[in-house]
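> Sharing a model that was predicted from the sequence below.
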Amino acid sequence: MRGRFRTARPGLRGTHLVGWLFADMLLVLALVAMGDQGDPVAAERAAATPTATPSASATASAAPLPTPTPTGPRGVEHDPVTIDVTGDAADTAGLAAQIRAATEPYAGRQAAVVLTFGSNRDPGAGQAYAHTVNGLLAQARPEMFRGTTARDFISLADNPRHASLEIYFYTG
């Protein structure tokens, strides 16, 4: 019975960890490669800005370097812009006007994600109000909210007919 349970052979200690080490290194390399992707919108804006002309002392044989084309997805800002709207759900024109006025400083930008929190002690009513407000985003600013992901949430604050919107914009 004594010889039945043996320890690993001295030459094989640690070799079973090589596969895990290799897998971990591949994971790190994949994360580094994904983090190195460019932002195509920022690159387009940088290409649109005028560049300085070379001085007369520059050599004539120097060719301009090609601008790299971005290949990665656009980034999303970490901090949201928060706006509040208040009013009756039946007054869609008034709610859309509030959204339009509150997002005026951000005109020309595109929203990636909107999280809307409808306030009500009744969870169903709060989420329904948030859904109504999210339905008005494209009416208020079609260029800003085209293709935006919007989600309806509730806030259990006792403030019916009120919604708080957290807008996450694309970078650049």
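Nice, I can see it. Keep in mind that what you see is a predicted model, and the values were worked out from it rather than measured.
> hang on, residue 115 in a strand?
Yes. Looking at residue 115 with DSSP: H, G, I helix; E, B strand; the rest coil, it is inside a strand.
> Look at it and report its pLDDT.
Residue 115 carries a pLDDT score of 97 in this model.
> SS state for the closest residue to it other than its chain neighbours?
Spatially, and ignoring its direct neighbours in sequence, residue 115 is nearest to residue 166 (4.4 Å; CB to CB, 6 or more residues apart in numbering). From N, CA and C alone the C-beta is placed, and that goes for glycine too. Classification of residue 166 using three-state DSSP returns strand.
> how close does residue 107 sit to residue 143?
8 Å (CB to CB, to the nearest Å).
> got the contact list for stretch 128-139?
By CB atoms under 8 Å, 6 or more residues apart in numbering, the surrounding residues in contact with stretch 128-139 are 85, 89, 92, 95-96, 99, 111, 114, 116-120, 144-146, 148, 150-154, 160-161, 163, 165.
> Now restrict those to buried residues only.
With burial judged by 16 or more other CB atoms under 10 Å, the buried subset of the contacts of stretch 128-139 is 85, 89, 92, 95-96, 99, 111, 114, 116-120, 144-145, 148, 150, 152-154, 160-161, 163, 165.
> dump the residue contacts of residue 100.
Here residue 100 is in contact with 140-141 (criterion: CB under 8 Å, 6+ apart).
> what residues does stretch 83-99 touch?
Counting by CB under 8 Å, 6+ apart, 102-103, 128-129, 132-133, 136-137, 139-141, 161-165, 167 sit against stretch 83-99.
> picking that back up, which ones among the contacts of stretch 128-139 map onto strands?
Of the contacts of stretch 128-139, the ones assigned to strands by DSSP state E are 85, 111, 114, 116-119, 150-154, 163, 165.
> In the chain, mark out all the helices, start to finish.
Using DSSP state H, the helices of the chain run over 18-35, 40-48, 92-102, 123-135, 137-140.
> of all the ones you listed, which lies closest to residue 78?
helix 18-35 (14.5 Å; CB to CB).
> export that closest one as CSV, just CAs?
This file holds the C-alpha atoms of helix 18-35, laid out as CSV (Å, rounded to 0.1, in the frame of the first residue of the first chain):
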residue,chain,number,x,y,z
VAL,A,18,3.8,25.5,-18.9
GLY,A,19,0.5,25.3,-20.8
TRP,A,20,-1.2,27.7,-18.3
LEU,A,21,1.7,30.1,-18.6
PHE,A,22,1.4,30.0,-22.4
ALA,A,23,-2.4,30.6,-22.3
ASP,A,24,-1.9,33.5,-19.9
MET,A,25,0.7,35.1,-22.1
LEU,A,26,-1.6,34.8,-25.1
LEU,A,27,-4.4,36.5,-23.1
VAL,A,28,-2.1,39.4,-22.2
LEU,A,29,-1.0,39.8,-25.8
ALA,A,30,-4.7,39.8,-27.0
LEU,A,31,-5.6,42.5,-24.4
VAL,A,32,-2.7,44.7,-25.4
ALA,A,33,-3.6,44.3,-29.1
MET,A,34,-7.2,45.3,-28.4
GLY,A,35,-6.2,48.3,-26.3
